[in-house]
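Novice: Can you look at this prediction? I've put the sequence above it.
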Amino acid sequence: MAHVRSDPIWRIRQAGIALALTMAAGMANAAEYPERPVRMIVPFIAGGPVDAVARLVAQDLSLRLGQAFVVENLSGAGGSVGTETAAHAAPDGYTLLLALNSQTFGLYSHELDLQKSFTPVATIAKWSHVLVVRPDLPIRTLGELIAYAKEHPGALTLGYGTNTPPQLLGETLKKAAEIDLSSIPYRGGGQAVVDMLGGRIDINFGSTATLLPLIRDGKLRPIAYTGEQRADDLPDVPTVTEAGLGQLAFRPDAWAMLLAPKGTPPVILDGLNAAVNSGLKTPEMPAHLARLGYTAQIGTREETARFLADEIVKWPPIVRAAGLKRE
(Lines give C-alpha, C1' and ligand atoms only; values in the text may rest on other atoms or scores of the structure.)
Protein backbone atom coordinates (compact mmCIF):
# COMPACT_ATOMS: atom_id res chain seq x y z
CA MET A 1 0.00 0.00 0.00
CA ALA A 2 1.46 3.36 -1.08
CA HIS A 3 2.25 5.82 1.66
CA VAL A 4 0.25 9.06 1.37
CA ARG A 5 1.73 12.16 2.95
CA SER A 6 -0.72 14.12 5.07
CA ASP A 7 1.25 17.12 6.34
CA PRO A 8 -0.39 20.51 5.47
CA ILE A 9 2.66 22.05 3.78
CA TRP A 10 2.93 19.14 1.34
CA ARG A 11 -0.78 19.35 0.53
CA ILE A 12 -0.57 23.10 -0.11
CA ARG A 13 2.43 22.57 -2.38
CA GLN A 14 0.61 19.87 -4.35
CA ALA A 15 -2.48 22.08 -4.70
CA GLY A 16 -0.30 24.90 -5.99
CA ILE A 17 1.28 22.62 -8.57
CA ALA A 18 -2.16 21.44 -9.73
CA LEU A 19 -3.40 25.02 -10.03
CA ALA A 20 -0.33 26.04 -12.00
CA LEU A 21 -0.79 23.10 -14.38
CA THR A 22 -4.46 23.99 -14.86
CA MET A 23 -3.63 27.63 -15.56
CA ALA A 24 -0.90 26.63 -17.99
CA ALA A 25 -3.30 24.38 -19.86
CA GLY A 26 -5.85 27.19 -20.00
CA MET A 27 -3.27 29.63 -21.33
CA ALA A 28 -2.19 27.12 -23.96
CA ASN A 29 -5.79 26.71 -25.10
CA ALA A 30 -6.29 30.48 -25.11
CA ALA A 31 -3.14 30.95 -27.18
CA GLU A 32 -4.66 28.66 -29.84
CA TYR A 33 -7.96 30.62 -29.85
CA PRO A 34 -10.14 30.41 -31.82
CA GLU A 35 -10.24 26.67 -32.55
CA ARG A 36 -13.91 26.63 -33.55
CA PRO A 37 -16.60 29.11 -34.70
CA VAL A 38 -17.36 32.04 -32.41
CA ARG A 39 -20.91 33.21 -31.73
CA MET A 40 -21.52 36.99 -31.80
CA ILE A 41 -24.90 37.76 -30.24
CA VAL A 42 -26.75 40.84 -31.48
CA PRO A 43 -29.66 41.54 -29.07
CA PHE A 44 -31.80 43.21 -31.74
CA ILE A 45 -33.66 42.14 -34.89
CA ALA A 46 -31.83 41.25 -38.09
CA GLY A 47 -31.68 43.55 -41.07
CA GLY A 48 -31.13 46.88 -39.35
CA PRO A 49 -28.05 49.11 -39.38
CA VAL A 50 -26.80 47.70 -36.06
CA ASP A 51 -27.02 44.20 -37.46
CA ALA A 52 -25.01 45.42 -40.46
CA VAL A 53 -22.24 46.65 -38.13
CA ALA A 54 -22.09 43.27 -36.43
CA ARG A 55 -21.82 41.43 -39.74
CA LEU A 56 -19.04 43.72 -40.94
CA VAL A 57 -17.03 43.09 -37.80
CA ALA A 58 -17.79 39.36 -37.83
CA GLN A 59 -16.64 39.03 -41.44
CA ASP A 60 -13.43 40.94 -40.74
CA LEU A 61 -12.63 38.88 -37.62
CA SER A 62 -13.33 35.65 -39.52
CA LEU A 63 -10.70 36.60 -42.10
CA ARG A 64 -8.16 37.78 -39.53
CA LEU A 65 -8.46 34.92 -37.05
CA GLY A 66 -9.19 32.04 -39.40
CA GLN A 67 -12.47 30.90 -37.83
CA ALA A 68 -16.07 31.81 -38.53
CA PHE A 69 -17.58 34.54 -36.36
CA VAL A 70 -21.31 33.86 -36.64
CA VAL A 71 -23.86 36.61 -35.95
CA GLU A 72 -26.89 35.42 -33.98
CA ASN A 73 -29.83 37.81 -33.56
CA LEU A 74 -31.57 37.27 -30.22
CA SER A 75 -34.05 40.13 -29.93
CA GLY A 76 -36.65 40.74 -27.28
CA ALA A 77 -37.26 42.87 -24.18
CA GLY A 78 -35.34 45.81 -25.59
CA GLY A 79 -32.13 43.83 -25.91
CA SER A 80 -32.29 42.01 -22.58
CA VAL A 81 -32.90 38.53 -24.03
CA GLY A 82 -29.69 38.46 -26.06
CA THR A 83 -27.71 40.24 -23.38
CA GLU A 84 -28.67 37.73 -20.68
CA THR A 85 -27.90 34.82 -23.00
CA ALA A 86 -24.42 36.17 -23.63
CA ALA A 87 -23.82 36.94 -19.94
CA HIS A 88 -24.55 33.34 -18.94
CA ALA A 89 -22.40 31.79 -21.67
CA ALA A 90 -19.10 30.10 -20.83
CA PRO A 91 -16.32 32.71 -20.46
CA ASP A 92 -14.12 31.05 -23.06
CA GLY A 93 -14.20 33.59 -25.90
CA TYR A 94 -16.67 31.61 -27.99
CA THR A 95 -19.66 33.81 -27.17
CA LEU A 96 -19.44 37.59 -27.57
CA LEU A 97 -22.01 40.38 -27.33
CA LEU A 98 -22.41 43.37 -29.61
CA ALA A 99 -23.55 45.99 -27.09
CA LEU A 100 -25.21 49.34 -27.77
CA ASN A 101 -25.54 52.40 -25.60
CA SER A 102 -29.27 51.70 -25.22
CA GLN A 103 -28.26 48.82 -22.94
CA THR A 104 -27.00 51.40 -20.43
CA PHE A 105 -30.32 53.31 -20.34
CA GLY A 106 -31.65 51.34 -17.35
CA LEU A 107 -35.13 50.92 -18.84
CA TYR A 108 -35.69 47.30 -17.84
CA SER A 109 -35.99 46.03 -14.27
CA HIS A 110 -34.24 42.77 -15.23
CA GLU A 111 -31.46 44.53 -17.11
CA LEU A 112 -27.96 43.23 -16.46
CA ASP A 113 -25.15 45.41 -15.19
CA LEU A 114 -22.78 45.37 -18.18
CA GLN A 115 -19.75 46.07 -15.99
CA LYS A 116 -20.48 43.21 -13.57
CA SER A 117 -21.51 40.65 -16.18
CA PHE A 118 -19.07 41.43 -19.00
CA THR A 119 -15.53 42.48 -19.76
CA PRO A 120 -15.08 45.15 -22.47
CA VAL A 121 -13.26 43.92 -25.57
CA ALA A 122 -13.21 46.82 -28.03
CA THR A 123 -15.14 49.85 -29.19
CA ILE A 124 -16.32 49.66 -32.80
CA ALA A 125 -18.29 52.70 -33.96
CA LYS A 126 -20.34 55.72 -32.95
CA TRP A 127 -23.03 57.62 -34.84
CA SER A 128 -25.69 60.33 -34.84
CA HIS A 129 -29.21 60.53 -36.27
CA VAL A 130 -31.18 62.52 -38.79
CA LEU A 131 -34.67 63.77 -37.97
CA VAL A 132 -37.11 63.29 -40.86
CA VAL A 133 -40.76 64.09 -41.52
CA ARG A 134 -43.21 63.01 -44.20
CA PRO A 135 -42.75 65.28 -47.24
CA ASP A 136 -46.45 66.06 -47.52
CA LEU A 137 -46.39 67.86 -44.18
CA PRO A 138 -45.88 71.67 -44.21
CA ILE A 139 -42.69 71.26 -42.17
CA ARG A 140 -39.21 72.07 -43.48
CA THR A 141 -37.31 73.03 -40.32
CA LEU A 142 -37.15 71.99 -36.69
CA GLY A 143 -38.73 75.33 -35.76
CA GLU A 144 -41.65 74.64 -38.09
CA LEU A 145 -42.06 71.16 -36.59
CA ILE A 146 -42.29 72.63 -33.09
CA ALA A 147 -44.74 75.33 -34.22
CA TYR A 148 -46.95 72.79 -36.04
CA ALA A 149 -46.96 70.45 -33.03
CA LYS A 150 -48.04 73.29 -30.75
CA GLU A 151 -50.84 74.24 -33.11
CA HIS A 152 -51.95 70.60 -33.46
CA PRO A 153 -51.21 68.93 -30.09
CA GLY A 154 -51.09 65.15 -30.30
CA ALA A 155 -51.73 65.09 -34.04
CA LEU A 156 -48.19 64.20 -35.14
CA THR A 157 -47.02 60.62 -34.63
CA LEU A 158 -43.47 59.69 -33.67
CA GLY A 159 -42.28 56.14 -34.46
CA TYR A 160 -39.22 54.37 -32.99
CA GLY A 161 -37.81 51.02 -31.93
CA THR A 162 -38.37 50.32 -28.24
CA ASN A 163 -35.43 51.07 -25.92
CA THR A 164 -33.34 52.65 -28.67
CA PRO A 165 -31.58 56.00 -29.14
CA PRO A 166 -34.35 57.19 -31.51
CA GLN A 167 -36.89 56.65 -28.72
CA LEU A 168 -34.76 58.71 -26.34
CA LEU A 169 -34.24 61.43 -28.95
CA GLY A 170 -37.97 61.61 -29.66
CA GLU A 171 -38.98 61.83 -26.02
CA THR A 172 -36.24 64.40 -25.34
CA LEU A 173 -37.57 66.46 -28.26
CA LYS A 174 -41.04 66.41 -26.71
CA LYS A 175 -39.75 67.53 -23.31
CA ALA A 176 -37.23 70.11 -24.52
CA ALA A 177 -39.61 71.74 -27.04
CA GLU A 178 -42.67 71.32 -24.78
CA ILE A 179 -44.73 69.72 -27.53
CA ASP A 180 -47.23 66.87 -27.59
CA LEU A 181 -46.38 64.08 -30.06
CA SER A 182 -48.09 60.69 -30.15
CA SER A 183 -45.40 58.05 -29.52
CA ILE A 184 -45.69 54.76 -31.43
CA PRO A 185 -43.23 52.03 -30.28
CA TYR A 186 -42.04 49.18 -32.55
CA ARG A 187 -39.82 46.13 -32.08
CA GLY A 188 -37.32 47.72 -34.44
CA GLY A 189 -36.76 51.08 -36.10
CA GLY A 190 -37.11 49.59 -39.58
CA GLN A 191 -40.77 48.84 -38.93
CA ALA A 192 -41.36 52.49 -38.04
CA VAL A 193 -39.82 53.57 -41.35
CA VAL A 194 -42.10 51.21 -43.28
CA ASP A 195 -45.13 52.70 -41.57
CA MET A 196 -43.81 56.20 -42.22
CA LEU A 197 -43.64 55.45 -45.94
CA GLY A 198 -47.20 54.18 -45.69
CA GLY A 199 -48.36 57.46 -44.17
CA ARG A 200 -49.05 56.05 -40.71
CA ILE A 201 -46.07 57.73 -38.97
CA ASP A 202 -45.14 61.41 -39.33
CA ILE A 203 -41.74 61.74 -37.62
CA ASN A 204 -38.69 59.52 -37.18
CA PHE A 205 -35.08 59.66 -36.02
CA GLY A 206 -32.82 57.27 -37.92
CA SER A 207 -29.30 56.65 -39.13
CA THR A 208 -28.27 58.22 -42.41
CA ALA A 209 -27.57 54.76 -43.81
CA THR A 210 -31.21 53.78 -43.36
CA LEU A 211 -32.83 57.04 -44.37
CA LEU A 212 -30.49 58.61 -46.94
CA PRO A 213 -31.78 56.63 -49.96
CA LEU A 214 -35.36 57.55 -49.03
CA ILE A 215 -34.36 61.19 -48.56
CA ARG A 216 -32.72 61.26 -51.98
CA ASP A 217 -35.83 59.74 -53.54
CA GLY A 218 -37.95 62.47 -51.96
CA LYS A 219 -39.88 59.99 -49.82
CA LEU A 220 -38.72 61.59 -46.56
CA ARG A 221 -37.71 65.16 -45.70
CA PRO A 222 -34.69 65.76 -43.42
CA ILE A 223 -34.96 68.74 -41.08
CA ALA A 224 -32.14 68.33 -38.53
CA TYR A 225 -29.05 66.26 -37.72
CA THR A 226 -27.96 65.40 -34.18
CA GLY A 227 -24.19 65.33 -34.78
CA GLU A 228 -21.66 67.96 -33.74
CA GLN A 229 -21.19 68.91 -37.40
CA ARG A 230 -23.47 68.56 -40.39
CA ALA A 231 -23.48 65.16 -42.05
CA ASP A 232 -21.29 64.97 -45.17
CA ASP A 233 -24.17 63.41 -47.08
CA LEU A 234 -26.63 66.10 -45.90
CA PRO A 235 -24.67 69.37 -46.01
CA ASP A 236 -27.82 71.50 -46.27
CA VAL A 237 -29.42 69.99 -43.16
CA PRO A 238 -28.58 71.98 -39.98
CA THR A 239 -27.51 70.35 -36.76
CA VAL A 240 -29.96 70.38 -33.86
CA THR A 241 -27.64 72.86 -32.13
CA GLU A 242 -27.79 75.19 -35.13
CA ALA A 243 -31.57 74.81 -35.09
CA GLY A 244 -31.71 75.92 -31.46
CA LEU A 245 -32.28 72.59 -29.71
CA GLY A 246 -28.85 71.54 -28.45
CA GLN A 247 -30.47 69.23 -25.89
CA LEU A 248 -30.64 66.65 -28.69
CA ALA A 249 -26.85 66.63 -29.23
CA PHE A 250 -25.71 63.78 -27.00
CA ARG A 251 -22.23 63.39 -28.55
CA PRO A 252 -22.56 60.62 -29.53
CA ASP A 253 -26.21 59.51 -29.72
CA ALA A 254 -25.25 55.90 -30.21
CA TRP A 255 -22.30 53.51 -30.18
CA ALA A 256 -21.48 49.84 -30.55
CA MET A 257 -18.82 47.85 -28.72
CA LEU A 258 -17.84 44.23 -28.27
CA LEU A 259 -18.12 42.59 -24.84
CA ALA A 260 -17.22 39.14 -23.51
CA PRO A 261 -18.65 37.29 -20.48
CA LYS A 262 -16.86 38.13 -17.24
CA GLY A 263 -13.99 35.73 -16.63
CA THR A 264 -12.87 35.39 -20.26
CA PRO A 265 -9.05 34.91 -20.27
CA PRO A 266 -7.10 38.15 -20.79
CA VAL A 267 -5.00 36.64 -23.56
CA ILE A 268 -8.19 36.04 -25.58
CA LEU A 269 -9.48 39.54 -24.85
CA ASP A 270 -6.16 41.07 -25.91
CA GLY A 271 -6.17 39.10 -29.14
CA LEU A 272 -9.72 40.12 -29.97
CA ASN A 273 -9.01 43.77 -29.23
CA ALA A 274 -5.96 43.72 -31.48
CA ALA A 275 -7.91 42.01 -34.27
CA VAL A 276 -10.85 44.46 -34.09
CA ASN A 277 -8.50 47.47 -34.08
CA SER A 278 -6.47 46.08 -36.97
CA GLY A 279 -9.64 46.00 -39.03
CA LEU A 280 -10.66 49.50 -37.99
CA LYS A 281 -7.23 50.83 -38.99
CA THR A 282 -7.56 49.62 -42.57
CA PRO A 283 -8.97 51.97 -45.22
CA GLU A 284 -11.75 49.50 -46.03
CA MET A 285 -13.49 49.05 -42.67
CA PRO A 286 -13.94 52.77 -41.84
CA ALA A 287 -15.21 53.28 -45.40
CA HIS A 288 -17.78 50.49 -44.95
CA LEU A 289 -18.86 51.98 -41.62
CA ALA A 290 -19.10 55.46 -43.14
CA ARG A 291 -21.52 54.11 -45.76
CA LEU A 292 -23.71 53.06 -42.84
CA GLY A 293 -23.44 56.54 -41.34
CA TYR A 294 -21.00 55.43 -38.63
CA THR A 295 -17.55 56.60 -37.51
CA ALA A 296 -14.95 54.00 -36.54
CA GLN A 297 -13.96 54.18 -32.89
CA ILE A 298 -10.59 52.59 -32.06
CA GLY A 299 -9.62 51.93 -28.45
CA THR A 300 -7.54 49.70 -26.21
CA ARG A 301 -9.27 47.42 -23.73
CA GLU A 302 -8.56 49.95 -20.99
CA GLU A 303 -9.95 52.83 -23.06
CA THR A 304 -13.02 50.76 -23.89
CA ALA A 305 -13.60 50.03 -20.19
CA ARG A 306 -13.29 53.73 -19.27
CA PHE A 307 -15.65 54.72 -22.10
CA LEU A 308 -18.24 52.17 -20.97
CA ALA A 309 -17.96 53.34 -17.35
CA ASP A 310 -18.53 56.96 -18.39
CA GLU A 311 -21.51 56.06 -20.58
CA ILE A 312 -23.14 54.01 -17.82
CA VAL A 313 -23.09 57.13 -15.66
CA LYS A 314 -24.11 59.46 -18.51
CA TRP A 315 -27.33 57.94 -19.83
CA PRO A 316 -29.71 57.17 -16.91
CA PRO A 317 -30.17 60.86 -15.94
CA ILE A 318 -30.87 61.75 -19.59
CA VAL A 319 -33.38 58.91 -19.80
CA ARG A 320 -35.12 60.03 -16.61
CA ALA A 321 -35.22 63.66 -17.79
CA ALA A 322 -36.89 62.50 -21.02
CA GLY A 323 -39.59 60.75 -18.99
CA LEU A 324 -38.84 57.20 -20.17
CA LYS A 325 -40.00 54.55 -17.70
CA ARG A 326 -38.85 51.04 -16.84
CA GLU A 327 -40.79 48.30 -18.59
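Specialist: Looks like it came in fine.
Novice: ok, now which ones touch the residue lying closest to residue 208 once chain neighbours are set aside?
Specialist: Residue nearest to residue 208 in three dimensions, not counting chain neighbours: residue 293, with 3.6 Å by C-beta to C-beta, 6 or more residues apart in numbering. Every C-beta, even on glycine, is put in place using the N, C-alpha and C of the backbone. Residues in contact with residue 293 (C-beta atoms under 8 Å, 6 or more residues apart in numbering) are 49, 127-128, 207-210, 212, 231, 233.
Novice: Mind listing what's buried along the helix or strand where residue 259 lies?
Specialist: Using DSSP states H and E, residue 259 sits in strand 254-261. Of all the residues in strand 254-261, those buried under the rule 16 or more other C-beta atoms under 10 Å are 254-261.
Novice: Which one of those is nearest to residue 157?
Specialist: Minimum distance to residue 157 across those is 22.3 Å, recorded for residue 254 (C-beta to C-beta).
Novice: Which positions are bridged to that closest one in the beta structure?
Specialist: Counting by DSSP bridges, residue 254 forms beta bridges with residue 127.
Novice: ok, it touching residue 168?
Specialist: No. Applying C-beta atoms under 8 Å as the test, residue 254 and residue 168 come out as separate, 9.5 Å apart.
Novice: anything in contact with each of those two?
Specialist: Contact criterion C-beta under 8 Å, 6+ apart; residues bridging residue 254 and residue 168 by contacting each: residue 102.
Novice: quick one: which of the contacts of residue 293 sit in strands?
Specialist: Within the contacts of residue 293, residues falling in strands by DSSP state E are residue 127.
Novice: Grab the most central residue of this protein for me.
Specialist: Nearest to the centroid of the C-alpha atoms of the chain, with distances taken as C-alpha atoms, centre = their mean, sits residue 100, at 2.0 Å.
Novice: so who does that one touch?
Specialist: 43-44, 50, 79, 164-165, 254-256.
Novice: swap in residue 186?
Specialist: By C-beta under 8 Å, 6+ apart, the contact set of residue 186 is 159-162, 192, 195.
Novice: Among these, the buried ones, what's the PyMOL command?
Specialist: To isolate in PyMOL the members of the contacts of residue 186 that are buried, counting by 16+ other C-beta under 10 Å, one can use:
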select buried, resi 159+160+161+162+192+195
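Novice: Give me the subset of the contacts of residue 186 lying in helices.
Specialist: Judged by DSSP state H, helices contain the following of the contacts of residue 186: 192, 195.
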